[in-house]
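Colleague: with the input below, show me the fold.
(one chain, ligands or ions: 1)
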Amino acid sequence: VPRFAVDLDGTRTKPDTVVDSFINSGKDVYSKTRSRDLLNDENTKDEQGESKAELRSVKEGTSAPTGAYNGTGTKKLPQAIIIGVKKGGTRALLEFLRVHPDIRAVGAEPHFFDRNYDKGLEWYRELMPKTIEGQITMEKTPSYFVTKEVPGRIYAMSKDTRLIVVVRDPVTRAISDYTQTRSKKPDIPSFESLTFKNATTGEIDSTWSALQIGMYARHLKRWLQFFPLSQILFVSGERLITDPAGEMARVQDFLKLRRLVTEKHFHFNPAKGFPCLKKPSSNSKPHCLGKTKGRTHPNIHPTVVRHLQDFYKPFNKKFYLMTGQDFGWD
Ligand SMILES: Nc1ncnc2c1ncn2[C@@H]1O[C@H](COP(=O)(O)OS(=O)(=O)O)[C@@H](OP(=O)(O)O)[C@H]1O
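Modeller: Numbering: from 1, shown residues only. The predicted structure is shown next:
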């Protein structure tokens, strides 16, 4: 597979040895030998459970008309994929996009490029909904962003695939990830004890997968070996909550869609603390995502949070430089 030559040096202000060595280490979150993941095999079960709950909430909802489906059309490979990040807000984005008549998306996470690649592209195509001319086929699998083999595999399917990454403050993302795991396995160690290799020295355990996923710059570097930056859209997970219509305008522009999903489609539900979808021309109840989205996070000691913020600072800085966007996490 041919690779793009990307000169990241052009985007650097000064070399940052620690971050660069992490970024260049080529470590993969899901490489069993290198990443300490207390979840390991459980991870898969956990995500499957999560996916089912997500889908239930989608089916129960009144939104997601899933485009102009009338049984006609053909199944096509996706032209756009939400590749990450886990706990970034990927389900919300996909559900918001499904309101658009020119988007058809598969509800479940196919995990084709990371777990099911040996099943072949025809298996993958079969999972897709039918589309008619002018409609875009989409899927979301948040683990793609951090899995080493995936960029090359998507490139091999089509070098023109448009990629969307929903990113969120890596500290909050890690706590969200931990909260999800704990909801299934209440006996896991505390967040604090998993964060530190050595609590006395404050040394962070950067091999814990919940922390590795948030080193966005390192993962992005692998994608840029295959895809130009212009083919990747970075959506702010925070703004997707505070200004869903604004973020959706960016996404629709990126996908070259008419801006049909607008502020009229959103209703902020103060009890849930999140925007929910509503039908603009009806009084029907807005549809919020299910209870696996927007869980209450445990209180993490401010010192631990501060240590993590310091840990991520250089990675975030690098990520802002690489993407040309300041996400305001620091
Ligand atoms: N509108 C709306 N409703 C509910 N939740 C919302 C919404 N927009 C973003 N979010 C945030 O999405 C977080 C879950 O992210 P993902 O869907 O990417 O999770 S997963 O990786 O698919 O499990 C989820 O994380 P937690 O709050 O930690 O549960 C939410 O903060």
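
Colleague: which secondary structure elements does the longest helix seen in the chain sit against?
Modeller: As assigned by DSSP state H, the longest helix anywhere in the chain is helix 302-323. Contact partners of helix 302-323 among helices and strands, from 3 or more CB pairs under 8 Å, 6 or more residues apart in numbering; DSSP states H and E: helix 17-24, helix 170-184, helix 191-195, strand 203-204, helix 216-224. Glycine gets a C-beta too; all of them are placed from N, C-alpha and C.

Colleague: where do the helices sit along the protein?
Modeller: Secondary structure of the chain by DSSP H: the helices cover 17-24, 41-60, 90-97, 121-127, 150-157, 170-184, 191-195, 209-212, 216-224, 237-242, 244-254, 302-323.

Colleague: now those in CSV, with distance to residue 80?
Modeller: As requested, the helices of the chain are exported to CSV (distance: least, CB to CB, whole Å):
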stretch, distance to residue 80
helix 17-24, 26
helix 41-60, 19
helix 90-97, 9
helix 121-127, 14
helix 150-157, 11
helix 170-184, 22
helix 191-195, 34
helix 209-212, 26
helix 216-224, 14
helix 237-242, 17
helix 244-254, 9
helix 302-323, 18
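
Colleague: residues contacting residue 316?
Modeller: 170, 216-217, 327, 329-330 (CB atoms under 8 Å, 6 or more residues apart in numbering).

Colleague: ah, wrong one, I meant residue 301
Modeller: For residue 301, the contact set (CB under 8 Å, 6+ apart) comprises residue 192.

Colleague: one more time with 10 Å
Modeller: Residues in contact with residue 301, defined by CB atoms under 10 Å, 6 or more residues apart in numbering, are 190-192, 195, 307.

Colleague: circling back to that earlier point, any idea which of the helices and strands packed on helix 302-323 gets closest to residue 126?
Modeller: helix 216-224 (26.3 Å; CB to CB).

Colleague: which strands and helices lie in contact with that closest one?
Modeller: helix 17-24, strand 80-84, helix 150-157, strand 162-167, strand 232-236, helix 302-323 (3 or more CB pairs under 10 Å, 6 or more residues apart in numbering; DSSP states H and E).

Colleague: restricting to C-alpha, output the longest one in CSV.
Modeller: Output for helix 302-323, consisting of C-alpha atoms alone and laid out as CSV, is shown next (Å, rounded to 0.1, in the frame of the first residue of the first chain):
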residue,chain,number,x,y,z
PRO,A,302,-8.1,16.8,42.1
THR,A,303,-4.4,15.9,42.6
VAL,A,304,-4.8,12.9,40.3
VAL,A,305,-6.6,15.0,37.7
ARG,A,306,-3.8,17.6,37.9
HIS,A,307,-1.2,14.9,37.4
LEU,A,308,-3.1,13.6,34.4
GLN,A,309,-3.5,17.1,32.9
ASP,A,310,0.2,17.6,33.2
PHE,A,311,0.9,14.3,31.6
TYR,A,312,-1.3,15.0,28.6
LYS,A,313,-0.3,18.6,28.1
PRO,A,314,2.6,17.9,25.7
PHE,A,315,0.5,15.4,23.8
ASN,A,316,-2.4,17.9,23.5
LYS,A,317,0.0,20.6,22.3
LYS,A,318,1.3,18.3,19.7
PHE,A,319,-2.2,17.3,18.6
TYR,A,320,-3.2,21.0,18.3
LEU,A,321,-0.2,21.6,16.1
MET,A,322,-0.8,18.6,13.9
THR,A,323,-4.5,19.4,13.4
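
Colleague: kindly report the residues of the stretch 201-330 of the chain close to the ligand.
Modeller: Residues of the stretch 201-330 of the chain found near the ligand (CB under 6 Å from any ligand atom) are 240-241, 274-275, 289, 293-295.

Colleague: for these, give me CSV that also has distance to residue 253.
Modeller: Output for those, formatted as CSV (distance: CB to CB, whole Å):
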residue, distance to residue 253
240, 15
241, 20
274, 23
275, 20
289, 24
293, 25
294, 27
295, 31
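
Colleague: any of those buried? List them.
Modeller: 240-241, 274-275, 289, 293-294 (16 or more other CB atoms under 10 Å).
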